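Student: Turn this into a model:
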Amino acid sequence: MGVSIAAWPIHTDQPINGFLVTEILKIGLLVRDLGKREEVVSASTIKNVVRKLMASEEGDLIRKRAEELGEAVRQSTEKGGASQIELDSFIAHITR
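Tutor: I've put the predicted structure just below:
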């Protein structure tokens, strides 16, 4: 949707998704690492991450990248976009 993410992985695939969001795509920040999942997260920790996302230079860059990624995804799903072309190709293949 083009918005930044405060990632808070708890189990299963979430740590990988958190890594993708924070380290690869750089469209979010980690609230807490999975290794500390048994610890209670303080309100101040959450506040600091949200404040960093919403009111810092780093947050500005993260939000800008999130907006750009959101736009790229929207374009890829429109008629003639890469995702739409691939989906059409797949449907043509399985229905022939």
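Student: Can you give me the distance of the spatially most central residue of the chain to Ala66?
Tutor: By CA atoms, centre = their mean, the chain has its centre lying nearest to Val21, at 4.3 Å. Val21 is 9 Å from Ala66, where distance means CB to CB, to the nearest Å. Where you see a C-beta, it was placed from the backbone N, CA and C, and this is true even at glycine.
Student: got any residues that touch both of these two?
Tutor: Common contacts of Val21 and Ala66, defined by CB atoms under 8 Å, 6 or more residues apart in numbering, comprise Ile5, Ile27, Gly28.
Student: Please name the residues that touch the residue lying closest to the last one once chain neighbours are set aside.
Tutor: What that stands for is Gly28. With CB to CB, 6 or more residues apart in numbering as the criterion, Gly28 has its nearest non-adjacent residue at 3.3 Å, and that residue is Ile5. Under the criterion of CB under 8 Å, 6+ apart, the neighbours of Ile5 are Val21, Ile27, Gly28, Leu29, Ala66.
Student: make it 10 Å
Tutor: Ile5 is in contact with 17-18, 21-22, 25, 27-31, 53, 62, 66, counting by CB atoms under 10 Å, 6 or more residues apart in numbering.
Student: Return the member of those nearest to Ser76.
Tutor: Leu25 (14.8 Å; CB to CB).
Student: leaving aside the residues next to it on the chain, what's closest to that closest one?
Tutor: Looking at Leu25 with CB to CB, 6+ apart, the closest residue is Leu69, at 6.5 Å.
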